[in-house]
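*Asks:* got a structure for you, letters missing:
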């Protein structure tokens, strides 16, 4: 079986679907599946991308553009969309199925270019991210979806997907089977939806699961720096804790429109290490340094970084969101905070920093829960879907 992995964010992004696309591609290749990755690339990133390709040992069809200014602006997206459609058209003669890892450019380009079955992946709400990606503040998601304008755009998007899917074998994978996620995916797609979570690589389970807080401890925040991930809360929590704990450190792993907040705070006080980007296989290096993981998002559709922290055995203080509650139980294996109370985050983190036995208990329980999301188990579930859609290759 030959699978075409279409991933708009395959490089240089980490996190969420981008990280998982790289992990799944590698897992499928190790299980004797021929994998060909189709992904966009600005010409300025060519050298780094080739190094990335050599490290992953994957066959990657980079769709290169000299004119694209980046990956997130509309002009660049339009250029890459047209180029990816043409590349997918050419590969359709040799690929059995295209698996698109984003429910926007990747999925649309596969629908337009492929003559073979297409499996889409639904993670984040594309309209919500489009509206608030570069903004300083975001609306609560529940209020956003009630808007008449958003409902009309959702219907239009659903009609476009239906029109492009005519006469094709098209299905969708949603990251979780939470009712919230089912409703969200259903607004944009009418058809077969499989429920398969994201995954973590097995090597994260080998990281020592309980770290001493000697030297003050280290808080890790790992995410795209967009408004709804609330890096502002993480920075405020760190600033408050540093008043009493002068040796405390904060690692911010990720980049995005809100990176300016991190830069400003670094100039104001010491102890902050900002890592704008790293390869997906380097994330474990930062998890190994962490005493506590903080995730104060006010909107999430899965939370890959939280799952990575669970697998690595890093005690977690996170927002009390539906998508976390199927993995995290307040007081049992993590602390969950309702709202954005800096004081409450500080209180829970201080408890963990001062109580090694509690950190150890949280660490072992979250690691045990994360075992069901181990990469090879999840890859096999994807293989089952591929076999259903391409029975001749079963």
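*Replies:* Alright, I've got the coordinates. Just so you know, these numbers come straight off a predicted model, no measurement behind them.
*Asks:* Could I get the contacting residues of the closest residue to residue 330 other than its chain neighbours?
*Replies:* Once flanking residues are discounted, residue 330 sits nearest to residue 336: 4.3 Å by Cβ to Cβ, 6 or more residues apart in numbering. Bear in mind the C-beta positions are built from the backbone N, C-alpha and C, glycine included. Each residue near residue 336 by Cβ atoms under 8 Å, 6 or more residues apart in numbering is listed here: 317-320, 324-325, 328, 330.
*Asks:* pLDDT below threshold where in the stretch 1-150 of the chain?
*Replies:* Scanning the stretch 1-150 of the chain for pLDDT under 70 picks out the ranges 10-18, 56.
*Asks:* what are the ranges of the helices in it?
*Replies:* Assigned by DSSP state H, counting those that start in this stretch, the stretch 1-150 of the chain shows helices spanning 16-30, 46-56, 74-91, 105-113, 126-132, 141-144, 148-164.
*Asks:* which strands and helices sit next to the shortest one?
*Replies:* Under the contact criterion of 3 or more Cβ pairs under 8 Å, 6 or more residues apart in numbering; DSSP states H and E, the helices and strands touching helix 141-144 comprise helix 126-132.
*Asks:* Pull out the buried positions in the helix it packs on.
*Replies:* For helix 126-132, the neighbour count (16 or more other Cβ atoms under 10 Å) marks 126-129, 131-132 as buried.
*Asks:* Now do it: which elements does it pack against?
*Replies:* Contact here means 3+ Cβ pairs under 8 Å, 6+ apart; on that basis helix 126-132 packs against helix 141-144, helix 148-164.
*Asks:* Residue 1 is nearest to which of the ones you listed?
*Replies:* Closest of those to residue 1 is helix 148-164, at 24.0 Å (criterion: Cβ to Cβ).
*Asks:* next structured bit after the closest one?
*Replies:* Sequence order places strand 170-174 as the next helix or strand after helix 148-164, per DSSP states H and E.
*Asks:* Next, the angle helix 105-113 makes with that next one.
*Replies:* Computed by axes from the mean of the first three to the mean of the last three Cα atoms, to 10 degrees, the angle separating strand 170-174 from helix 105-113 equals 170 degrees.
*Asks:* Provide the contact partners of strand 170-174 at residue level.
*Replies:* With contacts defined as Cβ under 8 Å, 6+ apart, strand 170-174 is touched by 103, 111, 117-122, 181-182, 185, 189, 191-196, 382, 385, 389.
*Asks:* Helix, strand, or coil at the residue located most distally from the centre of the chain?
*Replies:* Here the centre of the chain is the reference, and by Cα atoms, centre = their mean the most remote residue is residue 244, at 33.6 Å. Taking DSSP: H, G, I helix; E, B strand; the rest coil as the rule, one finds residue 244 in the coil state.
*Asks:* Against residue 264, how distant is it?
*Replies:* Remark: distance between residue 244 and residue 264 (Cβ to Cβ, to the nearest Å) = 22 Å.
*Asks:* who wins for proximity to residue 353 among the helices of the stretch 1-150 of the chain?
*Replies:* Closest approach to residue 353 among the helices of the stretch 1-150 of the chain is made by helix 16-30 (27.9 Å; Cβ to Cβ).
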